[in-house]
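Colleague: Build me a structure from this.
(2 chains)
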Amino acid sequence: MRLMRASDIAKHPVVTYAGEDVAQLKDIVFSAGGGAVGGFTLAGRGRFSGPLKQGLLWTSVAALGADAVMIVDDSVLEPTQNVLDAAATSGGSGGDVLGSQVLTDTGIDLGRVIDVVLQIGEPGEQCDVVGYEIEASEAMKTKGAKLLIPLPDTLAASGEHLMVPAAAQDFVADDLSGFGAAVTAFRAKFEGAS
Amino acid sequence: MRLSEAVGRSVVGTANAATVGRIDEFVIDPASRTIVALHLKKTESGDTLPWGDIAAFGPDAVTLHDPAAIVAASSEVEALSGKSHRLLGKRVLLTTGDEAGVVDDVEFDPESGLITTLVLSGGEVAGERLLGIGSYAVVISA
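Modeller: Model (predicted):
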């Protein structure tokens, strides 16, 4: 299990087990109400290549690492529309969360989303969205600082606002190394309370 | 034996003891993890010596019985040849999607042509972990 920022995987090459870079990541397609990665839209390799008509479902990803997305071979690619449809039927938010305001359920504005934190599990497991990186608002002690805030398993998102439990404030972290533990602790508490 | 030591080695006919070429490149099939042919230079005809036609892969020279074994590349060999199928100097990706340095050298069994060890910039890994050799990377199992 590892945590990665969505911005860390931007433009990752998509590489087959045969060692060919068949595409690169363009956008993340979120599913499950923004709580998981459903798949990716793709672009061609090289400076002048545009978007591809083919996309990649998360279930077809063999591994997502620090340097590449691995797939067994390019037969797992499918029409981009299939990837978008699959995400939509599982409650994909469709909207981009970047820039959204994070509100607690007690009505406090914690800041705006500048990045998304993904949890990469074992092969076959879904890729969870476990947190957001936010630029802290006045409500936080460190206004303007970048903070990582854990997310519950499910959350309400409108494209304008993201609603998190007030307790999330107590589990913020400054960097990814301590964030995994914060997510686990936060989710344990949140699930225990509900 | 290491690939880097073997490149440039003379290929000599056993019948007339004449040099018929020099090793330019190794053609490697990642599926079987073996050297399937030698790509030669300075030959009179053809440029490919299939591994099975080698009499011996010795420490100082490669010998063959029949110089007619040096032929034009078959389509199978052609498909595994060229820069995108080279191992040496190429970036290495684990199946986890993490880079693991570059291929500095390769050890092989001179009897069978089997790749036994990949010598990476960060250390050695067993040849049986080799999965693919492509234009972007050499892929090894994690």
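
Colleague: So what's the residue count around residue B:124?
Modeller: Counted with other CB atoms under 10 Å in any protein chain shown, residues neighbouring residue B:124 total 13. Every C-beta, even on glycine, is put in place using the N, C-alpha and C of the backbone.

Colleague: cool, residue B:8 as well?
Modeller: Taking other CB under 10 Å as the criterion, the count of residues near residue B:8 is 10.

Colleague: Please state the backbone phi and psi of it?
Modeller: phi 90, psi -10 (degrees, to the nearest 10).

Colleague: Next up, the contacts around the closest residue to it other than its chain neighbours.
Modeller: If you skip the residues right next to it in sequence, residue B:8 has residue B:22 as its closest partner in space, 5.7 Å away by CB to CB, 6 or more residues apart in numbering or on different chains. Residues near residue B:22 by CB atoms under 8 Å, 6 or more residues apart in numbering or on different chains: B:8-11, B:40-42.

Colleague: could the residues you listed go into JSON lines alongside secondary structure?
Modeller: JSON lines is the format used below for the contacts of residue B:22 (DSSP: H, G, I helix; E, B strand; the rest coil):
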{"residue": "B:8", "secondary structure": "coil"}
{"residue": "B:9", "secondary structure": "coil"}
{"residue": "B:10", "secondary structure": "strand"}
{"residue": "B:11", "secondary structure": "strand"}
{"residue": "B:40", "secondary structure": "strand"}
{"residue": "B:41", "secondary structure": "strand"}
{"residue": "B:42", "secondary structure": "coil"}
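
Colleague: picking that back up, quick check: bridge partners of the residue nearest to residue B:8?
Modeller: Beta bridges link residue B:22 to residue B:10, residue B:41, judged by DSSP bridges.

Colleague: Run the contact check for stretch B:114-126 versus chain A.
Modeller: No. With CB under 8 Å from any CB of the partner chain as the measure, stretch B:114-126 is seen stopping short of chain A, the closest distance being 13.0 Å.

Colleague: What strand or helix carries the closest residue to residue A:87 other than its chain neighbours?
Modeller: For residue A:87, ignoring the flanking residues on the chain, the nearest one in space by CB to CB, 6+ apart is residue A:38 at 3.5 Å. With elements taken from DSSP states H and E, the one containing residue A:38 is strand A:36-43.

Colleague: Ok, residue A:88 next?
Modeller: With the criterion set as DSSP H and E, the secondary-structure element containing residue A:88 is helix A:80-89.

Colleague: Tell me which residues touch the most centrally placed residue in chain B, please.
Modeller: Within chain B, one residue has its C-alpha closest to the average C-alpha position: by CA atoms, centre = their mean, that is residue B:26, at 2.7 Å. Residue B:26 makes contacts with B:3, B:6-7, B:35, B:38-39, as judged by CB under 8 Å, 6+ apart.

Colleague: Quick one: mean pLDDT over the host helix or strand of it.
Modeller: Residue B:26 belongs to strand B:19-29 when elements are defined using DSSP H and E. Taken as a whole, strand B:19-29 has an average pLDDT of 94.

Colleague: Give me the three-state assignment for residue B:68.
Modeller: Going by three-state DSSP, the state assigned to residue B:68 is helix.

Colleague: hey, where'd the strands end up in chain A?
Modeller: The residue ranges that make up the strands of chain A, judged by DSSP state E, are A:2-5, A:13-16, A:21-31, A:36-43, A:51-57, A:63-64, A:69-71, A:78-79, A:101-104, A:109-120, A:127-136, A:146-150, A:156-157, A:161-164.

Colleague: partners of the fifth one in the sheet?
Modeller: So that's strand A:51-57. strand A:36-43 (antiparallel), strand A:78-79 (antiparallel).

Colleague: what's the answer for the third one, then?
Modeller: Each strand that strand A:21-31 pairs with, and the sense of that pairing, follows from DSSP bridges: strand A:13-16 (antiparallel), strand A:36-43 (antiparallel).

Colleague: ok now that strand, how far from the chain's centre?
Modeller: Averaging C-alpha coordinates over strand A:21-31 and over its chain gives two centres that are 12 Å apart (CA atoms, centre = their mean, to the nearest Å).
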